[in-house]
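1. Below are the sequence and a predicted model for it; my questions follow.
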Amino acid sequence: MKAVVWQGTNKIGVETVPDPSILLATDAVVRVTSTAICGSDLHLLDGYIPSMEKGDILGHEFMGEVVEVGKAVKKLKVGDRVVVPFNLACGVCDPCQRGLFSACDNSNPNHRMAEAMYGGVSGGGLFGYSHIYGGYAGGQAQYVRVPFADVGPFKIESDLRDDQVLFLTDIFPTGYQAAENCNIVPGRDVVAVFGAGPVGQFAARSAQMLGAAHVIVIDRVPERLKMAEASGAQTINYEQEDVLLALREATGGRGPDHVIDAVGLEAHGHGPGALLDTAQQKLRLTFDRITALRWAIMSCAKGGTVSMPGVYGGLVNELPMGAAFAKGLTFRMGQTHTHRYLPELLGRIESGEIDPSFVITHRAGLSEAPDLYKAFRDKKHGCIKVVLNPWA
Amino acid sequence: MTTNSEQAGAQMTPAERVAYGALGAGLAVLGLRGGHPVQRLLLSAAGVVVAAQAITGRHPVATALKINQGADGEVRVSDAVTIGQGPEGLYARWRDLASLPALMTHLEKVEVLDEKRSRWTVKAPAGTHVSWEAEIMAEEPGRRLAWASLPGAAVENSGEVLFRPAPGNRGTELVVHLTYKPLGGAAGAVVARILGQEPGQQLRDDLMRFKREQELGYAPTARGQSSGRAGAGKGTQEGRV
C-alpha cells in the first residue's frame, strides 16, 4: 500500500510499504477513505517530538471502512464505516473507566520511554506519533491497523460525508475539550483563543456553542483570522496591535475570563520573550517556545482558566508564575479524551449546529502530502487544513 | 528494609575518588587554557562539577542512573503499580513461582523444590546465566510475600511484595522491594544498567507486564506492524520539505 512516511527531520515521503495485518485478536484493519494532516504532525516534521524513526508511518486523523477484524472483536464488523480517535485506549484501566481515555495505563507498549521523560508515568499510545507514544503506525496510508478495535472506532451510520465527520478523530473534540475545560458561564464569560489554526477554530466555535458571551481570536495570518470572524468572533492580529492592550480594551480592563492556548510549543510571537525563547531553543536551553502561553497568563482575568490544548513537550523558561498565582488562575491541559466526546459531537453535527468541513482549505491525494506538509507548516497558499484521499 | 544510613547514589571507592578528582582538575585546567570562550566556560564548569563529586564521594554515574546502593554494597530496587484486581488473585499468581518466567522475561526458569525452597535461573549480562536457591521467608495470602537467597548464592538477594487495597475500589497496590549484591560492586551495577539489564528497569517492565496481563489479558504491541523500514526502496518518493 501507499503511505506517508517520516524520513527524517523536515523530510516526508510517500512510500510503498507492506499492508497492515491483524497482530492481536483485539485489532481491526481499516481501509482509509479520508485522512488529514494535523498541526501536531508539524512538531514531528520539525523534529521537536523525540523518538521518531525513519520509516514511521504518519497520521492520526483518519476514518474509513473496516475490512478485517480480529477474533476477539465483538462490536465492529467488516463493512462498518468508522472514525478512529487519534489516541489509543484500552477501555478497562482506571483512567479509561473514569473517561480519561488519553491517560490510559495500558495502551502504550513503550511506557518506559514516556516514564523516563514524564515523571514516572506514561499516557496512552497515539497513532503515528513517535515511539514514546507507542510506535503505532499512522493513518496517512491506504490501510491502517487499529488496536483496541472495540474501544476506539466509532461507527457513523448516517449519510454524512467524510468531510463532515473526519475531524471527530481529533481537532473537533480537542477544541471542544479546551472550551469545556473553561467551565464557561453562559451569557457572561468572555473567552480568548490564541491561535486560529484548526484547533483554535474549533475551540472558538465550541466556546460559542457552550454559551460564551463573547469570543476573541488572536493570530497573525489574515485568512485564519477571517475564518474565525466568519463564526462571529472578534479577532486581533498580534502583529498589528499590542495584544495585551487590545484584550484589556475588549474586556473593559478585566481580561478574558478564560484563555485557550491553541498554539503550543512552536509559538511565533514577537518581543523580547519570543526572541529569548528562540535563542534558548536553538541552544537547547529550553524545549518549548511559550509566547502564546505567556500572553494567555498575562491577559487572563482574575480567577480565570488557562486551557491548553496546544502541545507542550518538555521544560519551559520564564513562565510568569507570579502573575498566575496573583490572579488565582486555574490551568487545564492535556491530550484529548476523544472517545468520550464522540456521541455528543456527532449529535451536534447531525443536528446541523456545526459543519466541521468549514476548516478544509486543501484536498489532495497522498502523493501531494510532502508539498502540503510544507504549505501547512509555512502557512502558504492559504493552507489551514489539508484532507488527503489515499485512493485518489 | 529501610535504614537511616541508606542514601541515594552509590559511594565511590577511595581509588575512584582520586581518579575523579584528577579528571575534574584536568578538565578545569583545560578550560582555563584557552579556546573559544564558551568552550572554556563549559570545560571549567564540568571540571568543577566532577571535582566536587570526588570530594563528596558520590559515584556520579550511579547517582545519575538512580542506583540506590548502601554502604555494604547492597543495591536496593523498589517500585509500585496499581492493578485493577483484588489482592487474592494477584497474590496467588505471584505465589505460583514456576509460572513467573512468563511475567519476568529475564527469568529463565524457576524450579519449585519443596513448599519453601525453589531454584532460580536468570539470564545475566553478556549471555551468561546465574542460578541460586531461594526460600520463602513470609507468606501472608493477599498481603505479603517475602523471600531470600540461601547461603552460597552467586548473587545474594532478597525481596518482598506487598499487596494492599487501593483506595476507592481501584484494585490493589503492589509494592516490590528487592535487594541484591551485584557482581562486581558499584561499577558492575553501572555497567549492567548501561547494558539494559538493570533490575530497576526489569522490575518496572515486569510490573507493567503483570498489570496488563491482569487487566487486559494480553500485552499491547506495535511490533510486526507495517513501516517504511521493511519496504524501503520500493517505489519510494523522497522529498525534503
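-> On my side now, so go ahead. Residues are numbered from 1 along each chain as shown, chains lettered A, B, ... in the order given.

2. and A:Ala369, which of the three is it?
-> Following DSSP: H, G, I helix; E, B strand; the rest coil, A:Ala369 is assigned to helix.

3. what residues are up against it?
-> Residues in contact with A:Ala369 (CB atoms under 8 Å, 6 or more residues apart in numbering or on different chains) are A:4, A:12, A:14, A:37, A:140, A:388. (C-beta placed from N, C-alpha, C; glycine too.)

4. please redo it, this time with the cut-off set to 10 Å
-> Contacts for A:Ala369 (CB atoms under 10 Å, 6 or more residues apart in numbering or on different chains) come out as A:2-5, A:12-14, A:35, A:37, A:41, A:58-59, A:140, A:376, A:386, A:388, A:390, B:237, B:239, B:241.

5. Shouldn't B:Tyr91 be within a helix?
-> Yes. Checked against three-state DSSP, B:Tyr91 lies within a helix.

6. my guess is it meets B:Glu140, correct?
-> Yes. Here B:Tyr91 lies in contact with B:Glu140, judged by CB atoms under 10 Å, at a distance of 8.6 Å.

7. So those two - more neighbours on which side?
-> B:Tyr91 (21 against 11; other CB atoms under 10 Å in any protein chain shown).

8. before we move on, the earlier item: what touches both of B:Tyr91 and B:Glu140?
-> B:Phe163.

9. tell me the mean pLDDT for stretch A:186-204?
-> For stretch A:186-204, mean pLDDT rounds to 98.

10. Please apply the same query to stretch A:349-368.
-> Stretch A:349-368 comes out at a mean pLDDT of 97.

11. quick one: what helix or strand has B:Arg170 in it?
-> Counting by DSSP states H and E, there is no helix or strand that carries B:Arg170.

12. do the same with A:Gln280
-> helix A:272-282.

13. Tell me the helix or strand right after that helix.
-> Following helix A:272-282 in sequence, per DSSP H and E, is helix A:291-299.

14. what helices or strands is that next one leaning on?
-> strand A:190-194, strand A:214-219, helix A:243-250, strand A:258-261, helix A:272-282, strand A:305-308, helix A:321-327, strand A:330-333 (3 or more CB pairs under 10 Å, 6 or more residues apart in numbering or on different chains; DSSP states H and E).

15. Quickly, which of those bottoms out on average pLDDT?
-> Minimum mean pLDDT among the helices and strands packed on helix A:291-299: helix A:272-282, a mean of 70.

16. hmm, which helix or strand of the chain has the shakiest average pLDDT?
-> All of this refers to chain A. helix A:272-282 (a mean of 70; mean pLDDT, DSSP states H and E).

17. that's the wrong chain, I wanted chain B
-> Going by mean pLDDT, DSSP H and E, chain B bottoms out at helix B:60-64, a mean of 53.

18. would you list every one of the strands in the stretch 1-150 of chain A?
-> Per DSSP state E, counting those that start in this stretch, the stretch 1-150 of chain A carries strands over the ranges A:2-8, A:11-16, A:28-37, A:56-57, A:61-69, A:81-84, A:143-146.

19. which one of these lies closest to A:Val359?
-> strand A:28-37 (9.4 Å; CB to CB).

20. and the direction of that closest one versus that of strand A:61-69, what angle?
-> Counting by axes from the mean of the first three to the mean of the last three CA atoms, to 10 degrees, strand A:28-37 points 170 degrees away from the direction of strand A:61-69.

21. now for strand A:28-37, which elements pack on it?
-> Using 3+ CB pairs under 10 Å, 6+ apart: strand A:28-37 touches strand A:2-8, strand A:61-69, strand A:81-84, strand A:143-146, helix A:162-165, strand A:362-365, helix A:369-377, strand A:386-389.

22. B:Trp120 is nearest to which of the ones you listed?
-> Comparing the helices and strands packed on strand A:28-37 by CB to CB, strand A:143-146 comes nearest, at 37.7 Å.

23. how would you label A:Ala179: helix, strand or coil?
-> Criterion first, three-state DSSP; result for A:Ala179: helix.

24. any idea how far it is from A:Val199?
-> Per CB to CB, to the nearest Å, A:Ala179 is found 11 Å from A:Val199.

25. The two: which has the busier surroundings?
-> Shown here are A:Ala179 and A:Val199; by other CB under 10 Å, A:Val199 has more neighbours (30 against 27).
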